[in-house]
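> Sequence first, predicted model second:
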Amino acid sequence: MQQEVIIAGFGGQGVLFAGQLLAYAGMDEGKEVTWIPSYGPEMRGGTANCTVVISDEEIGSPFVKNPAAVIAMNLPSLDKYEHLVREGGTLVVNLSIVDRQVTRDDIQVVNIPANEIAEAIGSKRAVNMVMIGALLGNMDLLSLEALEAALEEHLPERHQKFLDANKEALRRGAAYQPGEPVKA
Amino acid sequence: MAKELIKGNTAVAEAALRAGLEAYFGYPITPQSELLEHLSGRMPELGRPFVQAESELGAINMVYGAACTGKRVMTSSSSPGVSLMMEGLSYIAGTEVPMVLVDVVRGGPGLGNIAPAQGDYNQIVHGGGHGDYRIIVLAPSSVQEAVDLTALAFDLADKYRAITCIMLDGSIGQMMEPAEIPPMQPLKTDIPDWAVRGARDGEKRLLTSINLDPPAQEAMNLRLMTRWQAIERNEVRYKGYYLDDADFVVVGFGTAGRISLSAVRAAREKGLKVGLLRPITVAPFPNTVLDELTEKVEGFLVVEMNAGQMLEDVRLMVRGRKPVEFFGRMGGVVPFPDEVLTEIERLVKGPRTTDGHPRDRWLARLAETIG
């Protein structure tokens, strides 16, 4: 069993760390994992993405053309990856800053106002955690508990004060029902 | 030891340090810089010299000097930086002192780009510097393998008084995977008797690559080549996947090898009897196993992230006995497994030929795709 996730967005949205967190959680559950970033000049302020592969056996290619899931944090990411999600896969879209609908009907689409949810819990920068939570709430990849444990273990020391907010963001993302209003 | 999720570049740096690296000299270049960065913190912590030189030329010549003391020394760079080191590498080979070089290969030729590539194969495996010398070249395909081969690289360099290169590509340098880094080893204390350590009260020793007497230089060349024959006998390493019943074999190293593994698995799911031969040492090349496979199988597909550099080593061993086809992407473009699968299916379906050159056929197909 192998699953792949591409997380894409603007530099600064926490795309790379969100992917690392998935990889840490997979590793801590005893699975094979790879995390590979786009490390080009685009990392500086432009779009950033990373690919995470989680598998039960030795991982072949760390690069994936048609991933099981994509997290699109912004419109350029949706434009780039919508057509690449594997048939039957999952696409999580940050509705807060994406002003168009997904056109495909052969994949599961999760539209979530991630910025508003992050703001509602007083942690604007936890948008990435809301998006990861939304993925886990809609895909049999890793448990929320595994992610929370990975956060405790691997959130950098200087960010430990944000641990509870990050956990809350994960849970809010996972529990979000499409169309429901965002509560403070 | 617990596994940690770690970047390839950082993992190699830490593994080198723990294998007893006593002096590092380098110059930053993407996609290799985390290696240098990690050592810039860790080496001083341990009281070991770390020098960011003024250039790659400076770095390799500092390595040359330090290597003459018999200590474990290393430099690292990426393709254009390694090109600059070629003169120094030839001098080091000509002086018969051990060192470890890490080349995190990027897209070229020229300044190129910082994307993953394998275009340094010829430069590292078949030459670069002048004169008759060979470099032991290890080509890991994962972070764990890069860690394991780092310790081996120092052992081989010491054992054969040779340059050992760990040839990564940008993606292995940049990717994070779980890896177990072995514990810290004590520093080397058995200093070889050829090392120059300051001749106070001792016998005078001279290490140099200049030898104005051609017959003496020829004898030195013979020694190097005889040593290389021993390396060819003793140090070949490779990994085979699904080879037992394979009718067709994909040959690929490093990242191209593991991408091919995904394609081979997909081919197996379709019922195609395909295996993978992944050379771990590309120099010495795994000739014997390739020779044996040539007798058994119906054809080969060589996959590389270059225009077919290892392809020539495969063809040299297959010697026209079986069809060999090639697929590659160049200039920092990384192939996806489905592209390799398409090539596997083409090979299996046929028609197959031993005529012409596989590169010509591949270039004609590629021109249609990207032209």
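Perfect, thanks for sending it. Numbering: from 1, shown residues only, chains lettered A, B, ... in the order given.
> going forward, measure contacts between C-alpha atoms and count neighbours the same way
Will do.
> Tell me which residues touch B:Asn113, please.
B:Arg106, B:Gly107, B:Gly331, B:Gly332 (Cα atoms under 8 Å, 6 or more residues apart in numbering or on different chains).
> if we go to 7 Å?
B:Arg106, B:Gly107, B:Gly332 (Cα atoms under 7 Å, 6 or more residues apart in numbering or on different chains).
> near chain B, which residues of chain A?
Within reach of chain B by Cα under 7 Å from any Cα of the partner chain, chain A has these residues: A:24, A:27, A:33-37, A:40, A:60-61, A:63-65.
> Quick check: which ranges of the chain have low pLDDT?
Here I'm looking at chain A. A:39-46, A:184 (pLDDT under 70).
> try chain B instead
B:1.
> Quick check: residues of it near chain A?
Contacts of chain B with chain A, taken as Cα under 7 Å from any Cα, map to B:5, B:114, B:174-178, B:258-259, B:261-262, B:336-337.
> at 10 Å instead, please
B:3-7, B:30-31, B:113-115, B:141-143, B:170-178, B:255-265, B:334-338 (Cα under 10 Å from any Cα of the partner chain).
> Give me the buried subset of these.
B:4-7, B:30-31, B:113-115, B:141-143, B:170-178, B:255-265, B:334-338 (16 or more other Cα atoms under 10 Å in any protein chain shown).
> Which ones among those lie within helices?
Members of those lying in helices (criterion: DSSP state H): B:143, B:170-174, B:255-265, B:337-338.
> Could you check stretch A:9-18 and say which residues are buried?
Buried residues in stretch A:9-18 (16+ other Cα under 10 Å): A:Gly9, A:Phe10, A:Gly11, A:Gln13, A:Gly14, A:Val15, A:Leu16, A:Phe17, A:Ala18.
> Could you dump those into JSON lines with secondary structure added?
Formatted as JSON lines, those follow (DSSP: H, G, I helix; E, B strand; the rest coil):
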{"residue": "A:Gly9", "secondary structure": "strand"}
{"residue": "A:Phe10", "secondary structure": "strand"}
{"residue": "A:Gly11", "secondary structure": "coil"}
{"residue": "A:Gln13", "secondary structure": "coil"}
{"residue": "A:Gly14", "secondary structure": "coil"}
{"residue": "A:Val15", "secondary structure": "helix"}
{"residue": "A:Leu16", "secondary structure": "helix"}
{"residue": "A:Phe17", "secondary structure": "helix"}
{"residue": "A:Ala18", "secondary structure": "helix"}
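> contacting residues for the residue in the stretch 101-250 of chain B that chain A sits nearest to?
Nearest residue of the stretch 101-250 of chain B to chain A (Cα to the nearest Cα) works out as B:Met175 at 4.4 Å. Listed by Cα atoms under 10 Å, 6 or more residues apart in numbering or on different chains, the contact set of B:Met175 reads A:34-39, A:50-52, A:62, B:5-9, B:142-143.
> That one: what's its closest spatial neighbour, skipping adjacent residues?
A:Ile36 (4.4 Å; Cα to Cα, 6 or more residues apart in numbering or on different chains).
> Tell me which stretches of chain B form strands.
For chain B, strands defined by DSSP state E occupy the ranges B:4-7, B:23-26, B:50-52, B:73-77, B:99-105, B:136-138, B:163-169, B:176-179, B:238-241, B:248-251, B:274-279, B:281-283, B:299-304, B:324-328.
> Same list (these) but as JSON lines, adding distance to B:His357.
Below are these laid out as JSON lines (distance: least, Cα to Cα, whole Å):
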{"stretch": "strand B:4-7", "distance to B:His357": "38"}
{"stretch": "strand B:23-26", "distance to B:His357": "40"}
{"stretch": "strand B:50-52", "distance to B:His357": "45"}
{"stretch": "strand B:73-77", "distance to B:His357": "33"}
{"stretch": "strand B:99-105", "distance to B:His357": "26"}
{"stretch": "strand B:136-138", "distance to B:His357": "26"}
{"stretch": "strand B:163-169", "distance to B:His357": "26"}
{"stretch": "strand B:176-179", "distance to B:His357": "38"}
{"stretch": "strand B:238-241", "distance to B:His357": "26"}
{"stretch": "strand B:248-251", "distance to B:His357": "17"}
{"stretch": "strand B:274-279", "distance to B:His357": "21"}
{"stretch": "strand B:281-283", "distance to B:His357": "22"}
{"stretch": "strand B:299-304", "distance to B:His357": "13"}
{"stretch": "strand B:324-328", "distance to B:His357": "8"}
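> How many neighbouring residues does A:Leu142 have?
By other Cα atoms under 10 Å in any protein chain shown, 16 other residues sit near A:Leu142.
> can you check B:Ala199 too?
9.
> before we move on, the earlier item: the residue nearest to B:Met175 contacts B:Ser142, correct?
No: with contact defined as Cα atoms under 10 Å, A:Ile36 does not count as touching B:Ser142 (11.8 Å).
> Outline the domain layout of chain B.
Domains of chain B are assigned by automatic domain parsing as B:4-183+B:207-234, B:238-370.
> just checking, which of those domains sits deepest inside the structure?
domain B:4-183+B:207-234 (a mean of 21; mean count of other Cα atoms under 10 Å in any protein chain shown).
> From start to finish, how long is it in a straight line?
Taking Cα to Cα, to the nearest Å, domain B:4-183+B:207-234 runs 32 Å from one end to the other.
> what's the answer for stretch B:169-179, then?
18 Å.
> so who does A:Ala69 touch?
A:3-7, A:52, A:81-82, A:84-92, A:107-109, A:135, A:139, A:141.
> Now with 8 Å, please.
A:Glu4, A:Val5, A:Ile6, A:Val85, A:Arg86, A:Gly89, A:Thr90, A:Leu91, A:Val92.
> likewise B:Val318?
Counted by Cα under 8 Å, 6+ apart, B:Val318 has contacts B:Leu290, B:Asp291, B:Thr294.
> which SS class is A:Pro178?
coil.
> so how many other residues sit close to it?
A:Pro178: 11 surrounding residues under other Cα under 10 Å.
> my read: B:Asn211 touches B:Met220, true?
No: taking Cα atoms under 8 Å as the definition, B:Asn211 is not a contact partner of B:Met220, at 9.2 Å.
> Next SSE downstream of the one helix or strand A:Thr34 maps to?
Assigned by DSSP states H and E, A:Thr34 belongs to strand A:32-37. Sequence-wise, the next helix or strand downstream of strand A:32-37 (DSSP H and E) is strand A:47-55.
> packing partners for that following strand?
strand A:2-10, helix A:15-28, strand A:32-37 (3 or more Cα pairs under 8 Å, 6 or more residues apart in numbering or on different chains; DSSP states H and E).
> could you pull out the helices for the stretch 101-250 of chain B?
B:121-125, B:143-160, B:170-174, B:214-234 (DSSP state H, counting those that start in this stretch).
> As PDB, could you dump the C-alpha coordinates of whichever helix or strand A:Asn115 is part of?
Assigned by DSSP H and E, A:Asn115 belongs to helix A:114-120. What follows is helix A:114-120, C-alpha atoms only, in PDB (Å, rounded to 0.1, in the frame of the first residue of the first chain):
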ATOM      1  CA  ALA A 114      -8.800  27.500   6.000                       C
ATOM      2  CA  ASN A 115      -7.800  31.100   6.500                       C
ATOM      3  CA  GLU A 116     -11.000  31.900   8.300                       C
ATOM      4  CA  ILE A 117     -10.800  28.800  10.500                       C
ATOM      5  CA  ALA A 118      -7.200  29.600  11.400                       C
ATOM      6  CA  GLU A 119      -8.200  33.200  12.300                       C
ATOM      7  CA  ALA A 120     -11.200  32.000  14.300                       C
END
